[in-house]
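J.: Just the structure for this:
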Amino acid sequence: MNWQSIRRPLEIGCWVLWTALTTVHSAGAIDAAQEQEKPASDRRPNIVLIMADDLGYGDVSCYGAAAINTPNIDRLAREGLRFTSGHSSASTCTPTRFSLLTGQYAFRTPGTGVAPPNGAALVKPNRETLPRLLRHAGYATAVIGKWHLGLGDPRPDWNGELQPGPLDIGFEQAVILPTTNDRVPQVLVEGRRVRNLEPSDPLWVGDEAPSEDHRTGLNARDSLKVDWRAGHNGTIHNGVSRIGFYTGGTKARFRDEELSDIWVEESRRWIAAKRDQPFFLFLSSHAIHVPRIVHERFQGQSPLGPRGDAILEFDWTVGEILRILDEQKISKETLVILCSDNGPVLDDGYADEAVEKLGTHLPAGPFRGGKYSVFEGGTRTPFITSWPGTIQPGTSTALVCTVDLLTSLAAIAGTPVKSAEALDSVDLSAALLGKSPVGRQSLLTQDNTGRSFGWQQGPWKLVRTPRKPAAGQKPGKANYLDQLFQLEQDPGETNDLAIEQTEVLQQLQAGLETELSRGRPQPLPPAPSK
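T.: Numbers count the residues shown, from 1 in each chain. Next up is the predicted model:
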């Protein structure tokens, strides 16, 4: 059957009814009727992937938050499958996004740490990617929101075509924040060009101040509406100083308070335009990343300060996307996935009361660590899948990861993954759709530098972190600290069992070395259960 020719249920129903009434039995009508009779799970769904930024496991009410209420995320969890062992592949944004789109851990590709303002495109046009696979399967594809994977080669041409970029790796539509909003520049890129950029006011982006009188967070600190604590003291825009420097592009600049509204409206237009064919939307929110400058209607609405306000704004974004799907009458034809690019962080360079107003709130839930860490709090995040009528509501303990979305979504779309580059992506489509309680057998996670790793096998987890070599010591394994935790008994990773459980430690060390040196996760003997 030509799946791309399938119409939406209302159109199919009308066609079948008309055919029955007029007794016209054309082959096209028969095909449509047969398709209508198939259960929803046999049809390819639209796919909406919503990724939060820095949202922790304990930051939403369906995962235990009491100080804040997230009704729209709760609705998604109530109508879908809430994973308690859902992970990002890394504990910072750029490497997680790289792995999501390529199906390969970022540490295998040099230069995939946090991308700088003038960073080149990290995902090269010749790579197989998630959006390209879905395009091959007949999907319309779009990315709306934060990018932070570099643009151009060897650097962005801010006043010309920003190529390569999203359109060169499989997306047919892109409206993006090029880096991250605590870095310059505060402009949107639509397609391959900066939106609303006037040739008479060119955009310049650099690593050093262009002149001594250039306004920065250092020389004009008293003008800031949110003060910086560390590092974020470059160019000032909208009363906030950023990392890096830029001039020009005045009419192209956005107001921080409007970012979430922009993502929603762009999503609304695109979904309405593509509703009659399968589509993939990667909605990459900037919330709740710093600077936490939310729309005025959310300011002061949370007891947790601006960080809590940003959680409420992100929850609103999720609700608006669900509302759009309902309005377009395609909710039952759409798989929605919600995740985060890494765990939570409080003080991340700005004085925004995130620490002072924390109270009893636990951003990482019961887990240790957060953003930048390979302890559980750094990568275990909210992870929810919903497909009304297909995914049965409930909770899953299956071990799943964002790196697996490439192969899993390709399987759901019915297109094979032939590229050997997607080394690390496992087909977990059955787990994501609630058809199987089984997820990964093992999982590797990394930090931003690609030098710290978490390696989980069964209930056991090895945490490897670098340490400073002793005087005269040569680089090698001795420069790392390996800790061992039993997650089922000690989810907070407080009791290091490396000395007591040497046999288990050695087994996990061997498994980690195999994963680091090879590609796809290999079947390993199960670790002892206790």
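J.: since we're on the nearest residue to N196 once chain neighbours are set aside, how many residues are nearby?
T.: In space, and not counting its chain neighbours, N196 is closest to A252: 4.6 Å by Cβ to Cβ, 6 or more residues apart in numbering. Backbone N, C-alpha and C define where each C-beta goes, glycine included. Neighbour count of A252, defined by other Cβ atoms under 10 Å: 20.
J.: I'd guessed A252 sits against V194; true?
T.: Yes. Counting by Cβ atoms under 8 Å, A252 touches V194, with 5.2 Å between them.
J.: Report the set of residues contacting both of those two.
T.: Shared contacts of A252 and V194 (Cβ atoms under 8 Å, 6 or more residues apart in numbering): 187-188, 203.
J.: okay, the residues you listed in a markdown table with distance to A354, neighbour count and secondary structure next?
T.: Below are these laid out as a markdown table (distance: Cβ to Cβ, whole Å; neighbours: other Cβ atoms under 10 Å; DSSP: H, G, I helix; E, B strand; the rest coil):
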| residue | distance to A354 | neighbour count | secondary structure |
| --- | --- | --- | --- |
| V187 | 26 | 23 | strand |
| L188 | 26 | 20 | coil |
| L203 | 31 | 21 | coil |
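J.: May I see these organised as JSON lines, with pLDDT and distance to S89 added?
T.: Below are the shared contacts of A252 and V194 laid out as JSON lines (pLDDT from 0 to 100; distance: Cβ to Cβ, whole Å):
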{"residue": "V187", "pLDDT": "98", "distance to S89": "28"}
{"residue": "L188", "pLDDT": "98", "distance to S89": "27"}
{"residue": "L203", "pLDDT": "98", "distance to S89": "32"}
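J.: quick one: low-confidence parts of the stretch 1-150 of the chain?
T.: Within the stretch 1-150 of the chain, the stretches with pLDDT under 70 are 1-43.
J.: typo on my end, the chain
T.: Looking at the chain by pLDDT under 70, you get 1-43, 470-478, 519-530.
J.: what helices or strands is the lengthiest helix in it leaning on?
T.: Longest helix in the chain by number of residues (criterion: DSSP state H): helix 306-327. Contacts defined by 3 or more Cβ pairs under 8 Å, 6 or more residues apart in numbering; DSSP states H and E place helix 306-327 against strand 46-52, helix 71-79, helix 259-274, strand 334-340.
J.: can you rerun that using 6 Å?
T.: The contact analysis (3 or more Cβ pairs under 6 Å, 6 or more residues apart in numbering; DSSP states H and E) places helix 306-327 against helix 71-79, helix 259-274.
J.: For L481, find the nearest of those helices.
T.: L481 sits nearest to helix 71-79 of all the helices and strands packed on helix 306-327, at 36.0 Å, using Cβ to Cβ.
J.: going on from that closest one, what's the next piece of helix or strand?
T.: strand 81-83 (DSSP states H and E).
J.: That following strand pairs with which strands, and in what direction?
T.: Pairing partners of strand 81-83, with direction, according to DSSP bridges: strand 383-386 (antiparallel), strand 394-396 (parallel).
J.: Off-centre distance for the shortest one?
T.: It refers to strand 394-396. Strand 394-396 has its C-alpha centroid displaced from the chain centroid by 21 Å (Cα atoms, centre = their mean, to the nearest Å).
J.: And for the first one?
T.: Shown here is strand 383-386, whose average C-alpha point lies 13 Å from the average C-alpha point of the whole chain (Cα atoms, centre = their mean).
J.: Sketch out the helices for the stretch 301-450 of the chain, chain order is fine.
T.: 306-327, 376-379, 405-413, 429-432 (DSSP state H, counting those that start in this stretch).
J.: ok, back up a step: just so I know, which of the helices and strands packed on helix 306-327 lies nearest P459?
T.: Among the helices and strands packed on helix 306-327, helix 71-79 sits nearest to P459 (Cβ to Cβ), with 24.6 Å.
J.: still on that earlier bit, just send the strands paired with strand 81-83 back as JSON lines, with mean neighbour count and distance to F282 too.
T.: Formatted as JSON lines, the strands paired with strand 81-83 follow (neighbours: other Cβ atoms under 10 Å; distance: least, Cβ to Cβ, whole Å):
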{"stretch": "strand 383-386", "mean neighbour count": "25", "distance to F282": "15"}
{"stretch": "strand 394-396", "mean neighbour count": "15", "distance to F282": "23"}
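J.: Mind putting those strands into JSON lines with distance to G434?
T.: Compiled in JSON lines, the strands paired with strand 81-83 are given as follows (distance: least, Cβ to Cβ, whole Å):
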{"stretch": "strand 383-386", "distance to G434": "8"}
{"stretch": "strand 394-396", "distance to G434": "7"}
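J.: Of these, which is nearest S408?
T.: strand 383-386 (9.9 Å).
J.: Show residues contacting that closest one.
T.: With contact meaning Cβ atoms under 6 Å, 6 or more residues apart in numbering, strand 383-386 is reached by 76-77, 79-83, 86, 336-339, 391, 432.
J.: What is the nearest of the shared contacts of A252 and V194 to R135?
T.: Once Cβ to Cβ is applied, the member of the shared contacts of A252 and V194 that ends up nearest R135 is L188, at 22.9 Å.
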